[in-house]
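> Have a look; sequence and predicted model below, questions after that.
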Amino acid sequence: KEAQQKLGVLFNQKDYPSVARLEGKFSMKWQIFGFDAPESLKNTNVFLYQKEKEKIRKQCEEAGIEIMGLLRKEALNYINGLVSKLSPSNNGKQKRLHESYMEKMRDFFDTFEARNIANDEQLSEAIQIARKAIDGASIEDLRDNEKLRQQVKLEFTAAASVFDAMLGDADEFAA
């Protein structure tokens, strides 16, 4: 109400969301999951208890490996995608670079650490390198500045080769 009085005709209600709406946007829900064999099994049969513990450990390890593979594949797709977009088409013309693509890629880079639950340090380092390559470059800069386009393309091509090495057998992760 104070802002409405001060701003008069410049006041826009959309600039002042309700407390409930803000809480909904900035709230966080969390839950702790326990992955362990039931203690009652330990009292019944120690061998089965140990076997279940090992089974759970192996499943968590496999899930971590799968998560790492998926994150690496997604990162590589963005890196190869940008290299392709920065490369001229067959007729020599510059390809169209869309803001939405850059936003999605930057969003992936920005949210990567929160999604890196398998603690993939190699990929984390590679993401930081890729992020630095485009840091501060606007979509207009990449469209209009050929020298910048070539520099980013060179850095992303080098990053792609690092990703290829991390992924190991490319056929395993082929789309």
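Perfect, thanks for sending it.
> how near is the residue nearest to the spatial centre of the chain to Ser87?
In the chain, the residue lying closest to the centroid (C-alpha atoms, centre = their mean) is Phe108, at 3.1 Å. Going from Phe108 to Ser87 by C-beta to C-beta, to the nearest Å gives 21 Å. (Glycine included, C-beta is placed from N, CA and C.)
> Buried residues in the helix or strand harbouring Ser100, which are they?
Using DSSP states H and E, Ser100 sits in helix 99-115. Neighbour counts over helix 99-115 (16 or more other C-beta atoms under 10 Å) mark Met102, Met105, Phe108, Phe109, Phe112 as buried.
> Same question for stretch 144-160.
Neighbour-count burial for stretch 144-160, counted by 16+ other C-beta under 10 Å, picks out Leu148, Arg149, Val152, Lys153, Glu155, Phe156, Ala159, Ala160.
> and what of stretch 9-23?
By neighbour count with 16+ other C-beta under 10 Å, stretch 9-23 contains no buried residues.
> Next: stretch 122-136.
Neighbour counts using 16+ other C-beta under 10 Å place Leu123, Ala126, Ile127, Ala130, Ala133, Ile134 of stretch 122-136 among the buried residues.
> from those, which two are the most distant?
Spatial extent of those (C-beta to C-beta) is set by the pair Leu123 and Ile134 at 17.0 Å.
> Tell me which residues touch the residue nearest to the centre of the chain, please.
Each residue near Phe108 by C-beta atoms under 8 Å, 6 or more residues apart in numbering is listed here: Glu74, Ala75, Tyr78.
> For the chain, just list every one of the helices.
Taking DSSP state H as the criterion, the chain carries its helices at 2-7, 19-26, 39-44, 46-86, 99-115, 121-134, 139-144, 146-167.
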